[in-house]
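>>> Predicted model, plus sequence, below.
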Number of protein chains: 2
Amino acid sequence: MDALRTETGAVSHDERLDRLALIAVHVGLGLRPGQELVMTAPVEALPLARRITEHAYRAGASLVTTLFEDEEATLARFRLAPDESFDKTNGWLYDAMAAAYRSGAARLAIRGDDPALLAGQDPDKVARANRARSQAYRPALELITQYAINWSIVAYATPAWAKAVFPDEPEHRAVALLWDAIFAASRVDGADPVASWREHNRSLQARCDLLNAKQYRTLHFKGEGTDLQVGLADGHLWLGGSTAAQNGIVCNPNIPTEEVFTTPHKDRVEGTVRSTKPLSYQGTLIEDIAVRFEGGRIVEARARTGEEVLRKVLETDDGARRLGEVALVPYSSPISRCGLLFFNTLFDENAASHIALGQAYSNCLQGGLAMSAEELAARGANSSLIHIDWMIGSQSIDIDGITAAGEAEAVMRSGEWVS
Amino acid sequence: MDALRTETGAVSHDERLDRLALIAVHVGLGLRPGQELVMTAPVEALPLARRITEHAYRAGASLVTTLFEDEEATLARFRLAPDESFDKTNGWLYDAMAAAYRSGAARLAIRGDDPALLAGQDPDKVARANRARSQAYRPALELITQYAINWSIVAYATPAWAKAVFPDEPEHRAVALLWDAIFAASRVDGADPVASWREHNRSLQARCDLLNAKQYRTLHFKGEGTDLQVGLADGHLWLGGSTAAQNGIVCNPNIPTEEVFTTPHKDRVEGTVRSTKPLSYQGTLIEDIAVRFEGGRIVEARARTGEEVLRKVLETDDGARRLGEVALVPYSSPISRCGLLFFNTLFDENAASHIALGQAYSNCLQGGLAMSAEELAARGANSSLIHIDWMIGSQSIDIDGITAAGEAEAVMRSGEWVS
């Protein structure tokens, strides 16, 4: 019997929110006593930010700083600000975050973005604002992608996001349904959520061990509209679930997570691939992406919606046209089985195998965290201002692993692990 | 007939909030097209922050960044954080604000503090946290006190503040009453609020012109329990209402404002003085302050409540025991006449003549903005990590100005201007 349940057997919303906060601090971050915490959150997520703050202080945090973000303010800018504004950004704030990380702070992001916030806005302004932001954010983002610190991301069911996922429900019902999905995927229920995360991490690690032993040279994705050879970086390392950061702290960077992932070779990707789920990028929905790679580089790109924003993204820098991540998720994963389209990468990437344009994670190479930018590039790790995941897996996709000897082995069939 | 009024003749709360936002941007900041804006606000003030953001973008702001503050998080720290935590601060964020100001950003603070937030907390922890924060904030605060940029402060009626001002009213009524007082003091009503601020600024400037022509050597405060000689700095300048910042922009640093103020001489203050209103300092209420000055320095200090916090404040640094500002406000000022005690310096300092412990404003000296720290000190301008105003005026206080020749002239009688 679970002592936390009410007399009717249901765990209250507040109790589940508190468990999510507990998981964020103890599983997501593995926050250490004396460590500072920098959190970003939508203003709507104040109730969760407060609970995370409390759990962080109970865990011995020296100071918790929450930088709240207001999408209404972002929208006001696009509606009212002068055109020159869109090449500017508040770099002083991103520099400050980088300074906090360099002095040892942990990093937690609460995400609850409206997937279509900027749908009606000028794609040129959207692209310029994103580019300015990406450049300013780079030093802080590198500390994250290089796991200089322990970091994590958790979700909050904001009304705008909930209405995007459940457009036919009244807002309060949409929010309640999205919360159910977030709590289930984040494994907050059950007698001991922290123990259940420990078990989940062990299972993802076992899958990584299998793939790391294989050291496939290439993954071959085949299915409706897709025939893609993804070369893997030399000495690539599959990761999934918890990860040891360079500061020695083990964290779970994504809550939820179902994927195992590694670094592709930036010059060895060939063929065509179609997206199997819509991508929500900085408030723009990009649907039915179809691209062709030659020598690792996207040479053709189309999309049914958001194509102009996609094109601008690809023009960010040379690395924006190349892959920085490939991730495998079985079609039967809990998030996939719930059947929802979240329009949010944190969830949708855990419902399907996917690839990411842009920056590679250097910890997905053996010894990668200690390598210089030149060494990482020599192994095939891509470099870019962006890192954008998009979904290419489904129950119609088969995946083969090609060994160093050139033999094909079945890795996934109809979206499921073969062994 | 005012076109903005409803059919019943009343201006709606939303319309008054929008006017306060308009005044903040156009009167408080004088925001320039292309200028960046850094705003701080309690999370409860989101509706005003959004309206200010809109008015700022309409005025041509390049980017508006709001740093929201959550008093619940501050309280959670005092309740739950380890003892070592209280000597730490998020200096990276204060450094970032200083960097933004150096690159030309304007600064707006929305204040709605709970005056008794930290009343039950350990005074030692409160003092240590304040000290760490003051040290980290110093570079940013200096850019503000030296008017390197245009800046302003406006108020928001948070529930906790409203309940402190109107303890016997239900919360919604307390909030409505506090809003009435804020809107009236901030001069949002009337056909043209911006024109009414222009007129108010002219009247304060006329008072400054009179006092500047006098160049009194000393102000002598006399009344119940007070017999205080406040020497004025050599070449002091009386200011009030709008001010030209060093970036050339004219701003109204306080909304509301009724005071005219100047820089006392840090070594030439003698005698005893009592506070005439409670002081709310960083969540602690300090009441019935009584201090004695010798050679500019406080040598005795008592208070009926909050004495321990007051003592810790005075120990901040040598300048914390000396005066950095003296300000004159007639007892008949609109904020005084409303008869409320706001437990908030922005309002209470405009209801009574007051003095401030700590840092002086260098623009209150002729040519002061161009002076080095040594030159400022030689004129008598005080330097400190703190700047804390407290009220010493009332209808029982008379003030004489002592001329360079040593003659006494009546400046205020029973709290009112003599001429």
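That came through fine. Numbers count the residues shown, from 1 in each chain, chains lettered A, B, ... in the order given.

>>> helices and strands of chain A: which one bottoms out on pLDDT?
Within chain A, confidence by mean pLDDT, DSSP states H and E is lowest for strand A:279-281 among all helices and strands, at a mean of 87.

>>> Contacts for that strand, please.
In this structure, residues lying in contact with strand A:279-281 by Cβ atoms under 8 Å, 6 or more residues apart in numbering or on different chains are A:113, A:115-116, A:285-287, A:289, A:306, A:309-310, A:313, A:343-345, A:388-391. Quick note: C-beta positions are derived from backbone N, CA and C, even for glycine.

>>> so which of those residues are also by chain B?
Among the contacts of strand A:279-281, no residue is within reach of chain B (Cβ under 8 Å from any Cβ of the partner chain).

>>> Type out the ChimeraX command that picks the buried ones from those residues.
Burial among the contacts of strand A:279-281 is assessed by 16 or more other Cβ atoms under 10 Å in any protein chain shown; the matching ChimeraX selection reads:
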select /A:113,115,116,285,286,289,306,309,310,313,343,344,345,388,389,390,391
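
>>> Strands - which of the contacts of strand A:279-281 land there?
If you go by DSSP state E, the contacts of strand A:279-281 have A:285-286, A:388-391 in strands.

>>> Identify the farthest-apart pair in those residues.
The distance between the two most remote of these (Cβ to Cβ) is 14.8 Å, for A:Leu285 and A:Asp389.

>>> The least confident helix or strand of chain A - which strands sit beside it in the sheet, and in what orientation?
Under the criterion DSSP bridges, strand A:279-281 sits next to strand A:284-286 (antiparallel) in its sheet.

>>> How far does the partner strand sit from its chain's centre?
Offset of strand A:284-286 from its chain centre (Cα atoms, centre = their mean, to the nearest Å): 16 Å.

>>> helix or strand right after that strand?
Under the assignment DSSP states H and E, the closest C-terminal helix or strand after strand A:284-286 is strand A:290-294.

>>> what packs against that following strand?
strand A:264-274, strand A:297-302 (3 or more Cβ pairs under 8 Å, 6 or more residues apart in numbering or on different chains; DSSP states H and E).

>>> Now do the helices for chain A: every range, in order, please.
A:13-23, A:46-58, A:71-80, A:91-102, A:123-145, A:159-165, A:171-185, A:193-214, A:307-314, A:334-337, A:345-348, A:373-379 (DSSP state H).

>>> Report the beta-bridge partners for the nearest residue to A:Ser396 once chain neighbours are set aside.
Spatially, and ignoring its direct neighbours in sequence, A:Ser396 is nearest to A:Gly223 (4.4 Å; Cβ to Cβ, 6 or more residues apart in numbering or on different chains). Note on A:Gly223: beta-bridge partners A:Thr226, judged by DSSP bridges.

>>> Which residue is the nearest non-sequential neighbour of A:Ala408?
Per Cβ to Cβ, 6+ apart, closest to A:Ala408 is A:Asp400, 4.3 Å.

>>> quick revisit: can you list the helices of chain A in TSV and add mean pLDDT?
Below are those laid out as TSV (pLDDT from 0 to 100):
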stretch	mean pLDDT
helix A:13-23	97
helix A:46-58	98
helix A:71-80	97
helix A:91-102	97
helix A:123-145	92
helix A:159-165	97
helix A:171-185	97
helix A:193-214	96
helix A:307-314	93
helix A:334-337	90
helix A:345-348	91
helix A:373-379	95
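
>>> out of those, nearest to B:Ala410?
helix A:91-102 (50.4 Å).

>>> Buried by neighbour count: which residues of the closest one qualify?
Using 16+ other Cβ under 10 Å as the test for burial, helix A:91-102 gives A:91-101.

>>> Next, name the residue at the spatial heart of chain A.
The structure's chain A has its C-alpha centroid closest to A:Leu346; by Cα atoms, centre = their mean the separation is 4.6 Å.

>>> if we can go back for a sec, can the buried residues of helix A:91-102 go into TSV with extra columns for distance to chain B?
Compiled in TSV, these are given as follows (distance: Cβ to the nearest Cβ, whole Å):
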residue	distance to chain B
A:Gly91	9
A:Trp92	4
A:Leu93	6
A:Tyr94	9
A:Asp95	7
A:Ala96	3
A:Met97	8
A:Ala98	9
A:Ala99	4
A:Ala100	4
A:Tyr101	9
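
>>> so can I have TSV of the residues you listed showing distance to A:Asp317?
Below are the buried residues of helix A:91-102 laid out as TSV (distance: Cβ to Cβ, whole Å):
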residue	distance to A:Asp317
A:Gly91	18
A:Trp92	23
A:Leu93	22
A:Tyr94	17
A:Asp95	20
A:Ala96	24
A:Met97	21
A:Ala98	19
A:Ala99	25
A:Ala100	26
A:Tyr101	23
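
>>> returning to what we had before: and which of the ones in strands among the contacts of strand A:279-281 is nearest to chain B?
Of all the ones in strands among the contacts of strand A:279-281, chain B sits closest to A:Ile388, with 23.4 Å by Cβ to the nearest Cβ.

>>> What is the neighbour count of A:Gly367?
Applying other Cβ atoms under 10 Å in any protein chain shown, we find 12 residues neighbouring A:Gly367.

>>> Check the gap between it and A:Leu376 for me.
10 Å (Cβ to Cβ, to the nearest Å).

>>> For A:Lys277, which non-adjacent residue is spatially closest?
A:Met391 (4.0 Å).

>>> Then A:Arg32?
With sequence-adjacent residues excluded and distances taken as Cβ to Cβ, 6+ apart, A:Arg32 is closest to A:Ile249, at 5.9 Å.

>>> Could you tell me which residues make contact with that neighbour?
Neighbour list for A:Ile249: A:29-30, A:32, A:106, A:149-150 [criterion: Cβ under 8 Å, 6+ apart].

>>> Equivalent analysis for A:Arg173, please.
A:Phe166.

>>> Write out the residues of the stretch 101-250 of chain A neighbouring chain B.
For the stretch 101-250 of chain A, the contact set with chain B under Cβ under 8 Å from any Cβ comprises A:103, A:105.

>>> Tell me which residue in the stretch 101-250 of chain A sits closest to chain B.
Going by Cβ to the nearest Cβ, chain B is nearest to A:Ser103 of the stretch 101-250 of chain A, at 6.9 Å.
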